[in-house]
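**Student:** curious how this folds, go ahead:
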Amino acid sequence: MSLWNAREADIWSVEAMDVVHASNAGDETHELTGSENDDELMDEDDLDLSGNRLFPSDAHLLLVNRVLQLKASNHAAFSLVPCLQAVHDILCYHQPGHRMRQSDLDSIRRFFKEDMLYSVDKILQYPTSIKAPPGDNIQEFLLEALQWAACVAADALHYRTQLQAADLAADLDADLVPVAQSMLNLFNQHRQLHHLVQDMELPHVVDMFALHVNNSEYAVPVKDEPEDSVDAQDPDDQPMERYKWLAALINTFAGFHGFDAIVALLQRPGSVSFPLLNMMAAVLAQAVDFLTDESHDHHQQVVVPVLNHVMELVETDHERLHDYGNDRTYSSFQCLVNINMVRIMRYGHDRQRLFTQLRRIQCTFVLRMLESSSFNKLLSGVRECNKLLQDAARDRRDRSQIQALIQWIEQNDVVQRILRTNLHQKQYVQEVQGIMKVLTQHQFLTAEHLDMLWAVIEKEDTYEAVKTHMFELLGELAACFVPEQLNMLFAKLERRQERSVQDTKRLLTLLQHLALSDKEVSGSRPVIMRVCRRLM
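**Tutor:** Down below sits the predicted model:
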């Protein structure tokens with residue numbers, strides 16, 4: 001019997017479970033008889049005019065009761081497991097071909113949306129968030145609760161694989177996002193609980209999960225190599241296994257076919273909403289450090305379908321990529337292409353081709369965003385462009401990537417596009433500054449680029465905030481200028497005859513910044529002194 005059943009008999013009683021199984025047993029008998037009409041096994045008063053069941057099932061009433069107790073206990077760990085057990089019973093019973101009652105589905109969705117993520121997070125913050133007396137059983141309780149969470153998440157995703165496009169899949173996807181996010185947090189080795197138990201052995205595991213925990217074919221603990229020893233043949237110097245809890249939880253999720261469900265859904269990515277797609281990819285990416293080679297090969301099956309689907313959305317329907325909410329940003333897309341898919345693809349066999357396809361998606365996304373007049377889209381575009389350049393610039397061994405991106409920027413007039421508007425917005429200008437700084441540091445800033453920057457300052461009716469941002473931008477870039485570029489900048493400063501008091505202050509600040517940042521003072525001092533004399 002589960003530790004939770006032994007300790008919390010009043011919360012999750014054997015009699016209550018018998019009610020659920022008795023209810024399901026009657027329905028299962030109907031399923032095995034092959035009867036196609038549910039009306040044969042119930043009175044006509046139990047159905048509405050559409051043939052739907054009027055009254056909720058015993059399993060639904062039991063889950064509602066358990067959720068009320070969970071909320072009353074402020075999502076305590078001892079109240080979470082009974083809820084997860086009730087959800088597990090409902091999901092496991094409703095296999096393909098057996099329609100779930102709407103009340104059952106609604107109660108499960110409400111639990112996913114409002115309670116599951118928060119409850120799992122509380123356990124992962126142990127001991128800060130849980131007031132429990134020290135004892136031998138507390139670790140067993142926590143491990144079992146997290147294993148039940150992994151089991152139910154796998155059940156939910158497996159149930160989603162059985163739904164067709166005509167079902168309420170889109171509505172369910174929104175409620176499955178927090179379920180996948182709970183697994184993302186559960187597999188995060190930096191959470192407080194995992195840090196606390198990283199060097200501990202596994203406590204006793206209940207029989208239901210023992211088989212999956214002991215199966216090391218999917219995930220294995222991280223091994224730390226021992227430090228160099230004087231006696232190299234010392235048999236005690238064996239690699240120390242760490243994060244056994246985390247490996248056990250990953251294996252539990254895999255044992256209940258959670259990863260199989262994610263792979264199945266991501267192989268047909270057009271059938272799921274984009275937020276759920278990104279969250280499922282994040283779960284795969286979070287577990288990569290613990291997976292075996294066979295598991296990595298299994299996950300690689302999703303890469304090409306996901307990349308093709310995202311490319312299609314970028315080219316034809318990029319509105320589906322934005323996040324829900326009023327801001328309409330694209331943080332989910334950027335998280336998918338910059339973090340999640342990158343971590344998954346690092347274990348692939350054809351990484352060069354896949355990363356080339358990924359960069360093509362990012363470049364296409366930038367151009368689509370820069371075509372818009374929406375600030376959020378333009379900000380997403382410059383942010384993604386800056387990220388592309390920064391990543392390519394960090395790779396000092398392969399200069400072909402940065403060169404290809406610079407060529408793409410020139411061919412598509414990216415610099416001219418990003419300087420056309422929104423320069424009064426500080427967060428936008430920061431991304432522009434990142435782009436221009438990479439161009440400058442790698443000697444790709446041309447005279448035309450400098451003319452574009454200066455034209456913004458000299459444009460009539462330019463906002464004062466824009467001028468301030470542009471002078472600050474020039475100050476940051478000029479610290480990396482070669483002598484020829486410095487001479488071009490000072491020539492523009494000298495040619496400007498009329499200058500307001502505010503512009504004079506900005507110019508003095510720019511000159512001061514240059515004087516302090518210049519490492520070869522002799523190269524710029526004569527020009528600075530000449531400009532200062534003109535200002536006087």
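**Student:** alpha carbons only for contacts and neighbour counts from here, please
**Tutor:** Noted.
**Student:** from start to finish, how long is stretch 288-303 in a straight line?
**Tutor:** End-to-end distance for stretch 288-303, by CA to CA, to the nearest Å: 14 Å.
**Student:** ok, which stretches of the stretch 351-500 of the chain are strands?
**Tutor:** Taking DSSP state E, counting those that start in this stretch, the stretch 351-500 of the chain contains no strands at all.
**Student:** low-confidence ranges, it, go.
**Tutor:** For the stretch 351-500 of the chain, the stretches flagged by pLDDT under 70 are 495-500.
**Student:** all helices of it, in order?
**Tutor:** Secondary structure of the stretch 351-500 of the chain (DSSP state H, counting those that start in this stretch): helices at 351-370, 375-394, 400-411, 414-418, 426-441, 447-458, 464-478, 483-495.
**Student:** packing partners for the fourth one?
**Tutor:** Spelled out, that is helix 414-418. Using 3 or more CA pairs under 8 Å, 6 or more residues apart in numbering; DSSP states H and E as the contact criterion, helix 414-418 has no neighbours among helices and strands.
**Student:** name the residues that touch it?
**Tutor:** By CA atoms under 8 Å, 6 or more residues apart in numbering, the surrounding residues in contact with helix 414-418 are 370, 378, 382, 409, 432, 449, 452.
**Student:** the first one against residue 378, yeah?
**Tutor:** Yes. Applying CA atoms under 8 Å, one finds residue 370 in contact with residue 378, separated by 5.3 Å.
**Student:** who's more crowded, those two?
**Tutor:** A count of neighbours by other CA atoms under 10 Å puts residue 378 above the other of residue 370 and residue 378, at 24 against 19.
**Student:** for residue 363, see how far away that one is.
**Tutor:** 14 Å.
**Student:** with residue 316 instead?
**Tutor:** The value you get for residue 316 to residue 363, if CA to CA is used, is 15 Å.
**Student:** in terms of neighbours, single out the busier of the two.
**Tutor:** Using other CA under 10 Å, the more surrounded residue of residue 316 and residue 363 is residue 363, with 18 against 11.
**Student:** show me the contacts for that one.
**Tutor:** Neighbour list for residue 363: residue 385 [criterion: CA under 8 Å, 6+ apart].
**Student:** which helix or strand contains the spatially closest residue to residue 145 that is not a sequence neighbour?
**Tutor:** Leaving aside its sequence neighbours, residue 145 sits nearest to residue 81 (CA to CA, 6 or more residues apart in numbering; 5.6 Å). Here residue 81, judged by DSSP states H and E, is contained in helix 77-93.
**Student:** list the buried ones in that helix?
**Tutor:** Using 16 or more other CA atoms under 10 Å as the test for burial, helix 77-93 gives 77-91.
**Student:** now do stretch 482-494
**Tutor:** In terms of neighbour count (16+ other CA under 10 Å), stretch 482-494 has its buried residues at 485, 486, 489, 490.
**Student:** now the strands for the stretch 151-300 of the chain?
**Tutor:** In the stretch 151-300 of the chain, the strands defined using DSSP E, counting those that start in this stretch lie at 222-224, 240-242.
**Student:** which helices and strands sit right next to the last one?
**Tutor:** Think strand 240-242. Partner elements for strand 240-242 (3+ CA pairs under 8 Å, 6+ apart): strand 222-224.
**Student:** count the neighbours of residue 305 for me.
**Tutor:** Residue 305, neighbours per other CA under 10 Å, totals 16.
**Student:** residues contacting residue 297?
**Tutor:** Contacts of residue 297 by CA under 8 Å, 6+ apart are 347, 348.
**Student:** which helix in the protein has the most residues?
**Tutor:** Ranked by number of residues, the top helix in the chain under DSSP state H is helix 138-161.
**Student:** could I get the average pLDDT for it?
**Tutor:** What helix 138-161 shows for mean pLDDT is 92.
**Student:** any buried residues in it, and which?
**Tutor:** Neighbour-count burial for helix 138-161, with 16+ other CA under 10 Å as criterion, is recorded at 140-161.
**Student:** now that helix against helix 77-93, angle please.
**Tutor:** Counting by axes from the mean of the first three to the mean of the last three CA atoms, to 10 degrees, helix 138-161 lies at 30 degrees to helix 77-93.
**Student:** what helices and strands are in contact with helix 138-161?
**Tutor:** The helices and strands touching helix 138-161, judged by 3+ CA pairs under 8 Å, 6+ apart, are helix 3-7, helix 77-93, helix 117-124, helix 169-186, helix 244-255, helix 258-266.
**Student:** mind running it again at 10 Å?
**Tutor:** helix 3-7, helix 77-93, helix 117-124, helix 169-186, helix 207-213, helix 244-255, helix 258-266 (3 or more CA pairs under 10 Å, 6 or more residues apart in numbering; DSSP states H and E).
**Student:** can you tell me the distance between the two ends of stretch 474-490?
**Tutor:** 11 Å.
**Student:** I meant stretch 409-426, not that one.
**Tutor:** 23 Å.
**Student:** run the chain-centre distance for it.
**Tutor:** Distance, stretch centre to chain centre, for stretch 409-426: 28 Å (CA atoms, centre = their mean, to the nearest Å).
**Student:** in that stretch, what's buried?
**Tutor:** Using 16+ other CA under 10 Å as the test for burial, stretch 409-426 gives 409, 414, 415, 418, 419, 422, 423, 424.
**Student:** repeat for stretch 465-480
**Tutor:** 466-480.
**Student:** shared neighbours of residue 378 and residue 363, anything?
**Tutor:** residue 384 (CA atoms under 10 Å, 6 or more residues apart in numbering).
**Student:** without its sequence neighbours, what residue ends up closest to residue 178?
**Tutor:** Distance criterion CA to CA, 6+ apart; nearest residue to residue 178, sequence neighbours excluded, is residue 117 at 5.9 Å.
**Student:** and that neighbour, how close does it get to residue 356?
**Tutor:** Remark: distance between residue 117 and residue 356 (CA to CA) = 36 Å.
**Student:** give me the more crowded residue out of the two.
**Tutor:** residue 117 (21 against 12).
**Student:** tell me the confidence at the more buried one?
**Tutor:** Residue 117 carries a pLDDT value of 95.
**Student:** same deal with the one 10 residues further on?
**Tutor:** According to the model's per-residue confidence, residue 127 sits at a pLDDT of 84.
**Student:** what's the neighbour count on the residue lying closest to it once chain neighbours are set aside?
**Tutor:** Computed as CA to CA, 6+ apart, the closest residue to residue 127 that is not its neighbour in sequence is residue 193, at 7.4 Å. By the measure other CA under 10 Å, the count of residues near residue 193 is 22.
**Student:** pretty sure residue 193 sits against residue 146.
**Tutor:** No. Counting by CA atoms under 10 Å, residue 193 sits too far from residue 146 to count as a contact (11.0 Å).
**Student:** what residues do the two have in common as contacts?
**Tutor:** Listed as contacting both residue 193 and residue 146 by CA under 10 Å, 6+ apart are 123, 124, 186, 245.
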